[in-house]
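A.B. asks: model this:
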Amino acid sequence: MLYIVATPIGNLSDLTPRAAETLRAVDAVICEDTRVTAKILQHLGIKKPMIAVNQHASDARIAEALKLLREGKSLALTTDAGTPAISDPGGKFVEAALKEFGEEFQVIPIPGACAAIAALSISGFPADKFLFLGFPPHKNGRKAYFAKIAMTEETVCFYESTHRILKTLGELGAVINERKVVVCRELTKLHETIYRGSSIEVTNQLKKGSIKGEFVIILCPKSFT
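C.D. replies: Numbers count the residues shown, from 1 in each chain. Predicted coordinates:
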């Protein structure tokens, strides 16, 4: 049995009672980074074996985790922050487990925090339908990525890191004209900040403050006024 356990995106108080109960009950935890997950387990007073499965995980590491499932162990899959497999390497393990054990294998979601959903909820933009695009490519494919955003009629949501936020807002502004954006920095954390306006206006606000942290960018629909 594999539990997909959402973890806080910053504030540990956002860990759900069901998530805590699940982490206590499983035999081991598959995680993105053992150091990050160890802090959550320590907060709960739990000690569990951990196996790191991230974007650099070898086939041998994935096979090690699958072996535990084959032995009848129950596992929790976590990510560093938020919901596993959503713009997250954990999806690679879910895919491997389902391929290995078939449709009768139980994969159980333990829902909780998700940065994209949190940002959409405060954006003020329509979210009955939206396009989520994860992180922009670092190099190849960026032009096509932003062209796709510009052509999308609905609300668009994507992530960006502290290292590329200003570059990304510049490239975005070049293709969306005056469409409004909401940029969320460090959601649920001590320095949570929400910026609203055009891409240029938000860029100027960021330059006056801090660009440290993780960002969620929400772009309004083309028809939004």
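A.B. asks: correct me, but K48 touches V29?
C.D. replies: Yes - the criterion here is Cβ atoms under 8 Å, and K48 meets it with V29 at 5.1 Å. (C-beta placed from N, C-alpha, C; glycine too.)
A.B. asks: which neighbours do these two share?
C.D. replies: 23, 41 (Cβ atoms under 8 Å, 6 or more residues apart in numbering).
A.B. asks: Who has more neighbours out of the two?
C.D. replies: V29 (25 against 18; other Cβ atoms under 10 Å).
A.B. asks: check which helix or strand covers the more buried one.
C.D. replies: V29 belongs to strand 28-31 when elements are defined using DSSP states H and E.
A.B. asks: That strand pairs with which strands?
C.D. replies: Its sheet considered, strand 28-31 pairs with strand 50-52 (parallel), strand 75-77 (parallel) by DSSP bridges.
A.B. asks: Tell me, domain by domain, which residues of this protein belong where.
C.D. replies: For the chain, the structural domains run 2-110, 115-219, going by automatic domain parsing.
A.B. asks: Quickly compare the strands paired with strand 28-31 and say which is most buried.
C.D. replies: strand 75-77 (a mean of 25; mean count of other Cβ atoms under 10 Å).
A.B. asks: Now do that one, average pLDDT.
C.D. replies: Confidence for strand 75-77, expressed as mean pLDDT, is 97.
A.B. asks: what's the spacing between that strand and its chain's center?
C.D. replies: Relative to its chain's centre, strand 75-77 lies at 17 Å (Cα atoms, centre = their mean, to the nearest Å).
A.B. asks: With stretch 126-136 instead?
C.D. replies: For stretch 126-136, the distance to the chain centre is 12 Å (Cα atoms, centre = their mean).
A.B. asks: Would you work out how far apart the start and end of that stretch are?
C.D. replies: End-to-end distance for stretch 126-136: 22 Å, by Cα to Cα, to the nearest Å.
A.B. asks: Now do the helices in the chain.
C.D. replies: 17-25, 34-44, 59-70, 90-101, 115-123, 142-151, 165-176, 199-208 (DSSP state H).
A.B. asks: Serialize those helices to JSON lines and add fields for mean neighbour count.
C.D. replies: JSON lines is the format used below for the helices of the chain (neighbours: other Cβ atoms under 10 Å):
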{"stretch": "helix 17-25", "mean neighbour count": "16"}
{"stretch": "helix 34-44", "mean neighbour count": "15"}
{"stretch": "helix 59-70", "mean neighbour count": "15"}
{"stretch": "helix 90-101", "mean neighbour count": "16"}
{"stretch": "helix 115-123", "mean neighbour count": "19"}
{"stretch": "helix 142-151", "mean neighbour count": "14"}
{"stretch": "helix 165-176", "mean neighbour count": "18"}
{"stretch": "helix 199-208", "mean neighbour count": "16"}
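A.B. asks: of all the ones you listed, which lies closest to E192?
C.D. replies: helix 115-123 (10.0 Å; Cβ to Cβ).
A.B. asks: mind checking how far the closest one is from the chain centre?
C.D. replies: The answer for helix 115-123 is 12 Å, by Cα atoms, centre = their mean.
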